[in-house]
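1. sequence-free structure coming up:
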Ligand code: C2E
Ligand code: CA
Ligand code: CA
């Protein structure tokens, strides 16, 4: 079944990433609770299967390395969208997920910088989210890539923080701008002292090294309330809104 699906994805990629599209989820700044940007999230529409979510196709794209092509399509499409929305909100910011497989691709640093240059946007319009499920610290290649992106003004965000390799005492060795705490710490945030302490501690520590914290997966007013008073800068979750297609996002948050 997944071989058939892979064939389908392969054909899609060959046809210019046909069937792929992006949804956008608002990202909110604490303090004024205004939407300052969005995370671009990939979706696939299959003739046979209908709408397919990333959990089903990202692993296939990664195993087959098709992610290298699709990932660049995501970046170019999201930046184009950001440029359009900046006509209405000059500081609109776009977050794009980059897979560990892409980081290992030769020339990935240049390829990203080229797409940014072609978009005409400043680096500060873009945040690249890298999942913490790969070991980042101690990898000179990755550090070099992050440094080059940051020199161009791009922000680096460590996604799913708390689930992977980056122990808190190593985090300052990685050139990053944002720590995005994993959703698992939010699930029972309202009643769980450990999760509360974890987020609080990460936020305190992050502040001392000049890194911002984003908490994602906020669904309920109770979870939202617990975060008040913690040094969290960005929030994302169904409590504010779900990921939505570009027209819906635009009508609600941009125009
Ligand atoms: P992620 O980067 O951690 O993205 C957050 C996921 O949580 C998204 O799922 C989003 O829809 C969902 N989410 C947001 N708010 C809430 C909430 O309040 N409650 C709950 N339960 N979920 C929430 P989605 O869109 O299905 O994406 C799943 C994963 O697929 C992403 O996790 C990311 O790792 C990957 N992904 C998505 N788009 C891309 C892409 O363009 N490139 C790469 N490499 N990976 C992508
Ligand atoms: Ca992400
Ligand atoms: Ca995440």
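-> Yep, it's here. Every value quoted in this text rests on a predicted model; they were computed, and no experiment measured them. Ligands and ions are numbered 1, 2, ... in the order given.
2. which stretches of the stretch 51-200 of the chain form strands?
-> 93-98, 126-131, 155-161, 178-181 (DSSP state E, counting those that start in this stretch).
3. okay, those in CSV with mean neighbour count next?
-> Yep, even glycine has a C-beta here, placed from its N, CA and C like the rest. Below are those laid out as CSV (neighbours: other Cβ atoms under 10 Å):
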stretch, mean neighbour count
strand 93-98, 23
strand 126-131, 22
strand 155-161, 22
strand 178-181, 25
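4. what does the chain put close to ligand 2?
-> Taking Cβ under 5 Å from the ion as the contact definition, the chain meets ligand 2 at 97, 129, 159.
5. mind redoing it with 6 Å?
-> Applying Cβ under 6 Å from the ion, we find that the chain lies next to ligand 2 at 39, 97, 129, 159.
6. Which ones among those residues also lie next to ligand 1?
-> Intersecting the residues of the chain next to ligand 2 with the contacts of ligand 1 gives 97, 129, 159 (criterion: Cβ under 6 Å from any ligand atom).
7. The last one reaches residue 128, doesn't it?
-> No - here residue 159 does not reach residue 128: they are 9.6 Å apart, not a contact under Cβ atoms under 8 Å.
8. roughly how far apart are residue 251 and residue 215?
-> Using Cβ to Cβ, to the nearest Å, residue 251 is found at 27 Å from residue 215.
9. Who has more neighbours out of the two?
-> Between residue 251 and residue 215, counted using other Cβ atoms under 10 Å, residue 215 has the larger neighbour count: 29 against 10.
10. Check which helix or strand that one maps to.
-> If you go by DSSP states H and E, residue 215 is part of strand 212-216.
11. all helices of the stretch 51-200 of the chain, in order?
-> 54-63, 67-85, 100-103, 108-119, 140-151, 184-187, 193-208 (DSSP state H, counting those that start in this stretch).
12. quick revisit: CSV for the strands of the stretch 51-200 of the chain, including mean pLDDT?
-> Output for those, formatted as CSV (pLDDT from 0 to 100):
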stretch, mean pLDDT
strand 93-98, 98
strand 126-131, 97
strand 155-161, 96
strand 178-181, 96
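13. TSV for the ones you listed, including distance to residue 232?
-> Listed next are the strands of the stretch 51-200 of the chain as TSV, based on distance: least, Cβ to Cβ, whole Å:
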stretch	distance to residue 232
strand 93-98	16
strand 126-131	16
strand 155-161	12
strand 178-181	8
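14. Show me the one of those that comes nearest ligand 3.
-> Closest to ligand 3 of the strands of the stretch 51-200 of the chain, according to Cβ to the ion: strand 155-161, at 4.4 Å.
15. Can you give the strand pairings for that closest one, parallel or anti for each?
-> strand 126-131 (parallel), strand 178-181 (parallel) (DSSP bridges).
16. Distance to residue 53 added to these, as a markdown table?
-> Below are these laid out as a markdown table (distance: least, Cβ to Cβ, whole Å):
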| stretch | distance to residue 53 |
| --- | --- |
| strand 126-131 | 16 |
| strand 178-181 | 19 |
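17. For stretch 182-193, measure first residue to last.
-> From its first residue to its last, stretch 182-193 covers 16 Å (Cα to Cα, to the nearest Å).
18. Repeat that for stretch 221-233.
-> So stretch 221-233: terminal residues 17 Å apart, Cα to Cα.
19. Now render the ones next to ligand 1 among the residues of the chain next to ligand 2 as JSON lines, adding distance to residue 15.
-> Formatted as JSON lines, these follow (distance: Cβ to Cβ, whole Å):
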{"residue": "97", "distance to residue 15": "23"}
{"residue": "129", "distance to residue 15": "27"}
{"residue": "159", "distance to residue 15": "29"}
